[in-house]
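K.L.:
sequence and predicted structure, then a few things I'm wondering about:
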Amino acid sequence: MAMHSTSKFSRIARGRARSAGAAALTVALAVPLAACGAQAGGQDGSTASAASHDEPAKATGVRVLWMGDSIAGAQAPALEAALEAGGVEFMNATSDGGGNVVAGDHPVTKMGAKSTWKTLQKHLTSFRPTVVAYQITTYDWGTGRQQLTAYRKLARTAEDGGARLVLVSAPPFKIDDFFRPHAAAIKSAPKMAARAAEAENARYLDASQLWGNDYSAERAQRAKDGIHSCQQGSAAFATWFTKQLGALTDFTPAAPATWATGSWTGDERYVKLGCA
């Protein structure tokens, strides 16, 4: 289905998004979180945990299913804290070493995609999200046509399950020897996601407004592995993303001061990453 101009998902202006991204980065940098360290950390399967506040926020009716790979998994603790502080229910459905919806032609990505689609169907039935948020993974290898087809299928699957799809570009990350053979597919995936969102009842968010395009730049807030984020980078993303989502679904995000230094900062993912 084509997206209508009256859709809530079409209200936010690009200029406003850029301002929100800059503000998110500034706020998160001001929060006294620990510095970043090295190596991967994601989540197999999914979790849905209680908000970190003594008094739960007023429910908004928004329910977010968060999908992606270990990069998205490292962002999940902060995103959960930020959304639940604003009265949004959250489920983490990220996966280490997978989480992709593009099967492509590689045995690894075919296996990962099969698992992702199966898990998605389960969560659409049990969690009943109103928003399916998918961060493009490092494993969305395939041709442009394969990527476009997969993202359009994701939008339609979410809609059939009563949810709206939000596609989010991944932060810049180091293209090492493992990823180098798939660099072209990694580069084309955001473009295909944007095209899919235009053609379907979905929304594409360009996270380069927050991170920039250089993984080695301070702005990108990558860990020493050049791929994942520690607490501070995850908080920056959560601040930025909740502002985008709030504008798209009409809820007011909680101020970072209410959640950014919560218990989520001690999550095991950051221990594995070597974050202080």
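P.N.:
Thanks, I have the structure now.
K.L.:
could you name the helices and strands sitting against the host helix or strand of E80?
P.N.:
Using DSSP states H and E, E80 sits in helix 70-85. Applying 3 or more C-beta pairs under 8 Å, 6 or more residues apart in numbering; DSSP states H and E, one finds that helix 70-85 contacts strand 63-67, strand 89-92, strand 131-135, helix 231-249, helix 268-273. All C-beta spots, glycine's among them, are computed from the backbone N, C-alpha and C.
K.L.:
one more time with 7 Å, if that's ok
P.N.:
Helices and strands touching helix 70-85, as assessed by 3 or more C-beta pairs under 7 Å, 6 or more residues apart in numbering; DSSP states H and E, comprise strand 63-67, strand 89-92, helix 231-249, helix 268-273.
K.L.:
okay, the following helix or strand past the shortest one in CSV with CA atoms only?
P.N.:
Pointing back at strand 89-92 there. Per DSSP H and E, the first helix or strand lying C-terminal to strand 89-92 is helix 107-126. This file holds the C-alpha atoms of helix 107-126, laid out as CSV (Å, rounded to 0.1, in the frame of the first residue of the first chain):
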residue,chain,number,x,y,z
PRO,A,107,23.9,-20.3,3.7
VAL,A,108,24.5,-18.1,6.8
THR,A,109,22.0,-15.4,5.8
LYS,A,110,19.5,-18.0,4.6
MET,A,111,19.5,-19.7,8.0
GLY,A,112,19.4,-16.3,9.8
ALA,A,113,16.4,-15.1,7.7
LYS,A,114,14.5,-18.3,8.2
SER,A,115,14.8,-17.9,12.0
THR,A,116,14.0,-14.2,11.9
TRP,A,117,10.7,-14.7,10.0
LYS,A,118,9.7,-17.5,12.3
THR,A,119,10.4,-15.4,15.4
LEU,A,120,8.5,-12.4,13.9
GLN,A,121,5.4,-14.4,13.3
LYS,A,122,5.5,-15.7,16.9
HIS,A,123,5.8,-12.2,18.4
LEU,A,124,3.2,-10.7,16.1
THR,A,125,0.8,-13.1,17.7
SER,A,126,1.9,-13.1,21.3
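K.L.:
so what secondary structure elements neighbour helix 107-126?
P.N.:
Going by 3+ C-beta pairs under 7 Å, 6+ apart, helix 107-126 lies up against no helix or strand.
K.L.:
any idea of the mean pLDDT for that helix?
P.N.:
For helix 107-126, the mean pLDDT works out to 97.
K.L.:
so for that helix, what gets flagged as buried?
P.N.:
Using 16 or more other C-beta atoms under 10 Å as the test for burial, helix 107-126 gives 109-110, 112-113, 115-117, 119-120, 123-124.
K.L.:
out of those, who's nearest D140?
P.N.:
T109 (7.7 Å; C-beta to C-beta).
K.L.:
distance of A194 from V88?
P.N.:
Taking C-beta to C-beta, to the nearest Å as the measure, A194 falls 25 Å from V88.
K.L.:
and Q75, which of the helices and strands packed on helix 70-85 is closest to it?
P.N.:
Per C-beta to C-beta, nearest to Q75 of the helices and strands packed on helix 70-85: helix 231-249, 4.7 Å.
K.L.:
can you measure across stretch 242-262, start residue to end residue?
P.N.:
17 Å (C-alpha to C-alpha, to the nearest Å).
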